[in-house]
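Student: With the input below, show me the fold.
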Amino acid sequence: MEKTAKKLCIIFLALLFVSAPYTFDLNSGTLVFPEAQAKNGNGNGGNGNSGGQGNDHGNSSADQSAGQTQGQANAHAHSHGLGLGQGKQGHDKGLSEGSISSKLGRLNAAHASATARANAAPHSAVGRIAAYEEAVYARQEAQAQLEALIAANAAVEEITAARDSVEQAAQLEAETRSAAANKNIDKEVVEAVNDLLGIETHNEPDQAPADEPGETTI
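Tutor: Okay, the predicted model is just below:
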C-alpha cells in the first residue's frame, strides 16, 4: 500500500512538472517560473522596438537630407535662370546702343563735351556738331518769339515776319545737321543727337524729314 502511494505521488509530480512550463536551472538548483520567462521575452521585444525606432530615425534623416538637396537644386536653378535673364537684357541693351551708334556715324561727335565743342575747329566733326547745336537753339528762340506774338494778338505784319524767321532758322538747322552727318538722317538719329547734346525736343515740330541725306564723305 505504501509503495503504491509513493508511485502515485511520483507520477503526479512528474505530470505536474511536464504540464507546467517550468525549467530547472542546474547552476542555481532552482525552478525558473513562467513569469521570469515572460519578462525575458518582453525584454527581447523591447530590443526589437528599439531597433524599429532606429530605422524610423534613419529614414527621417534621409528624407530631410533629400529635401535639403532638392532645395539647393531649386535655388541654383532659380539663380542660374535669373542670371541668364539679366545677361540677356544687358546683351540686348548693348546691341541697341551699338545699332544707334552705327546709325549716327560722324554725328557721334555729339559725345564731345561742351568745352570741346566751344573750342573745336569749324570744319571738324565736333565743330560741325557745335554749329548744329547753335542752330537748334536759334530756331527754338525764333519759335518762342512767334508763339508769344500770336498769344499777344500782335499785328499781322509782325507775326508774318516772325514766321519767316522761324523758317529760316529751321532751314539753317537742317543744313548744319546735314553738314555734320555722313549718313542718312531720320527722326531716331535726330532725337539721339539732341539727347547727347542735352537739347529738349519734346513738343517741337518735326524738322527732320525721313531719310534726310547727309554728306557722303566720312
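Student: give me the number of residues near residue 168?
Tutor: 13 (other CB atoms under 10 Å). Just so you know, the C-beta spots here come from the backbone N, C-alpha and C atoms, and that holds for glycine as well.
Student: Quick check: chain neighbours aside, which residue is closest to it?
Tutor: Spatial nearest neighbour of residue 168, excluding adjacent residues (CB to CB, 6 or more residues apart in numbering): residue 142 at 7.8 Å.
Student: I'd guessed the one you found sits against residue 163; true?
Tutor: No: in this structure, residue 142 is not within contact of residue 163 by CB atoms under 8 Å, at 9.1 Å.
Student: Which one's more surrounded, these two?
Tutor: Counted by other CB under 10 Å, residue 142 and residue 163 do not tie: residue 142 has more neighbours, with 19 against 15.
Student: Average pLDDT for the host helix or strand of the more buried one, rounded please.
Tutor: Taking DSSP states H and E as the definition, one finds residue 142 inside helix 125-151. Mean per-residue pLDDT for helix 125-151: 97.
Student: After that helix, which helix or strand is next?
Tutor: helix 156-180.
Student: Give me the angle between the helix or strand just after that next one and helix 125-151.
Tutor: For helix 156-180, the following helix or strand on the C-terminal side (DSSP H and E) is helix 187-197. Relative orientation of helix 187-197 and helix 125-151, computed by axes from the mean of the first three to the mean of the last three CA atoms, to 10 degrees: 100 degrees.
Student: angle of helix 187-197 against helix 156-180?
Tutor: Using the same axes, to 10 degrees, helix 187-197 lies at 90 degrees relative to helix 156-180.
Student: Okay, now the unreliable bits of this structure?
Tutor: Within the chain, the stretches with pLDDT under 70 are 1-7, 9-98, 201-218.
Student: Mind listing what's buried along stretch 106-122?
Tutor: By 16 or more other CB atoms under 10 Å, the buried positions in stretch 106-122 come out as 106-110, 112, 117, 120.
Student: scratch that, stretch 132-141 is what I was asking about
Tutor: 132-133, 135-136, 138-140.
Student: So what touches it?
Tutor: Residues outside stretch 132-141 that contact it (CB atoms under 8 Å, 6 or more residues apart in numbering): 117, 166, 169-170, 172-173, 175-177, 179-180, 193-194, 197, 199, 204, 207.
Student: Would you write a PyMOL line that selects the buried entries of those?
Tutor: Those of these that count as buried under 16+ other CB under 10 Å are selected in PyMOL with:
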select buried, resi 117+166+169+170+172+173+176+177+180+193+194+197+199+207
